[in-house]
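Enquirer: would you be able to build a 3D model of this:
(3 chains)
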Amino acid sequence: MKKKTFWETCRPYVMIGPAMIGIFLFVIYPMLYLVYLSFFKYNLLNSAMSRYVGFENYIQIFNRPDFYKSLTNTVIYTGGVVVLTMLISLFFAVWLKKQTRLNYIIQAGIFTPHIISIVSVSLVWLWLMEPNLGFLNFALEKLGLPTSQWLQSSKTALFSIIIVSVWHGIGYYVLILVAALQGISPNIYEAAELDNTSRFRVFRRITLPLISPQMFFILIIMTIGSFKVFDTVRIMTGGGPNNATNTLVYYIYGFRTTNIGYAAATGVVLMVIIGILTFIYFRLMSKKVHYQ
Amino acid sequence: MASIEFVNVTKEFEKKDIIKDLNLTIKDGTFTVLVGPSGCGKTTLLRMIAGIGPQSSGAVLINGDDVTAVAPGKRGVAMVFQNYAIYPTMSVRENIEFGLKNNKVKKEERNQLVESISAAVGLTDYLDRKPSTLSGGQRQRVALARAMVKEPSVFLMDEPLSNLDAKLRAQMRLDLIELHKKLGTTFVYVTHDQVEAMSMADTIVLMNNGLIQQEAAPEEIYHEPNNLFVAQFIGTPPMNIGELGVDGVKFGFRPESAQTSDTPVDEYLSMEGEIATREMLGSETLYQMKYKDSAFMLKSNYAFYKVNQKIHIGVPEDKIYLFDSEGTRIRKDHERYSSYLEVLRGY
Amino acid sequence: MKKHNVWLSVDFLLKAAILFAFIFPFLWMISTSLQTFQETLSVPPTLIPSSPQWINFVEAMTSGPFATYAKNSIIITLSIIIIQFLVMIPAAYAFAKYEFFGKNVLFALVLIAFMMPGQVTFIPIYLMMADWGLIKTLIPQILPFMSNAFGIFLLRQYFMQIPEEIIEAARLDNASEFKIMWKIMTPMAKPALATIALFSFVSHWNDYFWPLVMTDSNEVRPLTLGIAMLKQSEGISNWHIIMAGNVVLVIPILIVYLLCSKQIVKAFVYSGIK
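Expert: Purely as a prediction, here's the structure:
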């Protein structure tokens, strides 16, 4: 029996060492520290003055309407972005799946916003959605359609942000779905044709099941991504008007200097939500969403 | 030059013994072929020699030295892999000289070796190409050149021809035999294809389920199989086997051992059956003959029997093999050999 | 046949419209950046400026320390990519090709790091960085990203697909494990590495949240923050200046995209399919 030498036993640990140190220092430890902080009334100027308060921060969270408001906003935002992106990207992907030059250009075009900073995207749309001088209302008026106050009305602000987010992200998901569709063997479609299957049935019984792993990937990545929405809110509305677009992360951000313990407790809530979503993701992933 | 010895080697994988207490000696300078069905442990043995899949217990000796603690690159062995395992990001030249560089061979010597080896395998014009631009046969030769250039004392080959088309494979078989003759080093060759084993080997080691079934020269393994497994593994089509009906004993004969005729044949074992299928192979024709509940394959120079035709066959006594209920060969010196053979008289 | 042609042109027009919807905002941004203040106020909106106001760019770039912002952006992004590669390649290789005690638990930590966003951990990390007295440096914007969990994950997948025989062949060629990793495996993983580098570049060059919460002085702020701050420094109605700054932020990445959109698209698809 060949015994591993000391170096051979240590080598893997040395190799993953730096990565694990980074992960421990900047992910695992901060997560634990966050939980610890959430039990304190933290004093930023003099941490020795911090006071242990038990679950007080959490009790406060669940009794504050502005927390519920931001949580509801985040859920609505997430639902809106996920549903719209899934439907539209699926539609685009089926439409653009044939490998032609035109389709490729369209895909590349739709994808462009994805690699642009959300700062730029937010600023451009802020300007486009300007109610009096912006191009969007001008175009709607010209087309004889009703205009909107967009970001400046609490009724439409959240929806406006959803539009911008979908516009920003959709190209990536179209690319993935197109690749998935192109990966399906044409023989399957030919077989279905020989079986005289209707187009709708082919889509529902063959196409959808075969791209379900990618659909699921998109669903989870987007849900988790949407829960941490911040940039658009911060640049376009600052949470307003009247808290209509205040989201969870923006809410935490608001307390990050004034009440660290409370912000940490809210952070823990976000961490739990993301943890649950991740858990579901890996559970289902191991079962492979695929019906063959 | 090197001999290889396995002493009581065992290989466990996931708590299961793939090889248990195996002993084998491969003589210096031989062309030894390890053959057997997939999963029989032949590749495992090869990897033990190379040191890339060490044994769980026991020892592997090269030239009498236990190499268990010796790193693969320091054993003086070279290996050609089934999928060639060519470094895809390196040019043909870099592939061939990679081992030399690691062994700190000087540049002039390196260049000279690369030139001569690549000329020998016909790769001179391709030295600066990337492997992805080469054909399957050329890649195979890169793998071979990479092994040859190190001038190893043992050549290990793991099904090196299985990814080539039939014509090229036949050519490469000849090339390898010639290479072995020229180099005179020990070749250990793994294959599941008994034709390759028969055509190239000095010694065949036939394995099944991690056990050596027989270790012998091709002629011996063909004509004097140790057991039923060997008899049925070697030969195309394999040996015909029938139930004797006594003590679970089986008898067998090779398809080409049976004389065929329209009229009864006067031989030790004779029977009359009906042709079920006919395969014309060129110089010979293969027939499947139905007899009672069994079917026997026959190889004949006569091509004109028709399907459903009744024919007679005869097998001489010295071409009949007997196996006991365990599958072990019953040889002439067995006390009941003649009494079993007697049963066939009136079969 | 005629009907077929009609369908094709309808299809083409619709596709053109879609493309327009995704390109127009950028054109509008460029147009605005070249307009005068009066032109931005006009109804109907000015589509093509009467004479390009290049001065807008000068004004945008002199409204703050933009040379510093740009320098910071470059230093931060490049440092992150280099450090990530040095950390990631050995880790991914070990996770892919070695067996060791605790491997699964440790890899689970990588997956947690992959899923846990900075939006959860930023408060503790800020406090740590403040404790260490690093807030006035670029380190808080670089070091937390040293371990790219996504990269480790993707690269490990890629390494696992490389046949074991290649490594074994190299061992038989007497190559050290270190050499196998750098000279054989790493070059073979080029497509994965390109994808990871691109992802890293795009996400850190464009990042807004992290620099926002980690910085409190202009000396360490990157370009994204500088541009976003134009909104405050120039006043909300100076759209021509804001858009000029925006063009400066967008154009470099847009040029890169136009030049190698094929590779970029491929890289992004690769990340999603694997």
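Enquirer: got a list of what the residue of the stretch 51-200 of chain C at minimum distance from chain A touches?
Expert: Nearest residue of the stretch 51-200 of chain C to chain A: C:S147, at 3.2 Å (CB to the nearest CB). C-beta coordinates here come from the backbone N, C-alpha and C atoms, glycine included. C:S147 sits next to A:18-23, A:26-27, C:84, C:87-88, C:91, C:110, C:113 when contact means CB atoms under 8 Å, 6 or more residues apart in numbering or on different chains.
Enquirer: give the burial count for the residue nearest to it when sequence neighbours are not counted, as a bare number.
Expert: Closest residue in space to C:S147, ignoring its immediate chain neighbours: A:G22 at 3.2 Å, by CB to CB, 6 or more residues apart in numbering or on different chains. The number of residues packed around A:G22, counting by other CB atoms under 10 Å in any protein chain shown, is 23.
Enquirer: the helices in the stretch 101-250 of chain C, which residues?
Expert: C:103-115, C:118-131, C:139-142, C:149-161, C:164-172, C:177-179, C:186-188, C:190-205, C:209-214, C:223-233, C:239-259 (DSSP state H, counting those that start in this stretch).
Enquirer: are the last one and chain A in contact anywhere?
Expert: Read it as helix C:239-259. Yes: Helix C:239-259 comes into contact with chain A (CB under 8 Å from any CB of the partner chain), by way of C:W239, C:I242, C:M243, C:N246, C:L249, C:V250, C:I253, C:L254, C:Y257.
Enquirer: any idea how far the lowest-mean-pLDDT helix or strand in chain C is from the chain center?
Expert: Lowest mean confidence among the helices and strands of chain C (mean pLDDT, DSSP states H and E): helix C:261-273, at a mean of 77. Here helix C:261-273 is found 14 Å from its chain centre; the criterion is CA atoms, centre = their mean, to the nearest Å.
Enquirer: before we move on, what about stretch C:149-156?
Expert: That offset, for stretch C:149-156, works out to 16 Å (CA atoms, centre = their mean).
Enquirer: and for stretch A:15-35?
Expert: On CA atoms, centre = their mean, the centre of stretch A:15-35 falls 23 Å from that of its chain.
Enquirer: quickly note the distance from the residue in chain B that chain C sits nearest to to C:S176.
Expert: Going by CB to the nearest CB, chain C is nearest to B:G73 of chain B, at 2.7 Å. From B:G73 across to C:S176, the span is 9 Å (CB to CB, to the nearest Å).
Enquirer: sorry, back to before: just the buried members of the contacts of C:S147?
Expert: Burial by neighbour count, judged by 16 or more other CB atoms under 10 Å in any protein chain shown, picks out A:18-20, A:22-23, A:26-27, C:84, C:87-88, C:91, C:110, C:113 from those.
Enquirer: for those, which one is nearest chain B?
Expert: So of the buried ones among the contacts of C:S147, ranked by how close each gets to chain B (CB to the nearest CB), first place is C:M88, at 18.9 Å.
Enquirer: ok, now which ones touch the closest one?
Expert: A:A19, C:S147, C:N148, C:G151, C:I152, C:L155, C:I196.
Enquirer: please redo it, this time with the cut-off set to 10 Å
Expert: Neighbouring residues of C:M88 by CB atoms under 10 Å, 6 or more residues apart in numbering or on different chains: A:18-19, A:22, C:146-156, C:193, C:196, C:200.
Enquirer: got the buried residues for the host helix or strand of C:V10?
Expert: Assigned by DSSP states H and E, C:V10 belongs to helix C:2-33. Within helix C:2-33, the residues scored as buried using 16+ other CB under 10 Å are C:K15, C:I18, C:L19, C:F22, C:P25, C:F26, C:W28, C:M29, C:I30, C:S31, C:T32, C:S33.
Enquirer: next one: stretch C:152-168
Expert: C:I152, C:F153, C:L154, C:L155, C:R156, C:Y158, C:F159, C:I162, C:E165, C:I166, C:I167, C:E168.
Enquirer: just the pLDDT at residue 64, thanks.
Expert: Unless you meant another one, I'm taking chain A. For A:R64, the model assigns a pLDDT of 91.
Enquirer: wait, chain C
Expert: 85.
Enquirer: before we move on, the earlier item: tell me the residues that contact both of B:G73 and C:S176, please.
Expert: With CB under 10 Å, 6+ apart, B:G73 and C:S176 have common neighbours B:N102, C:A170.
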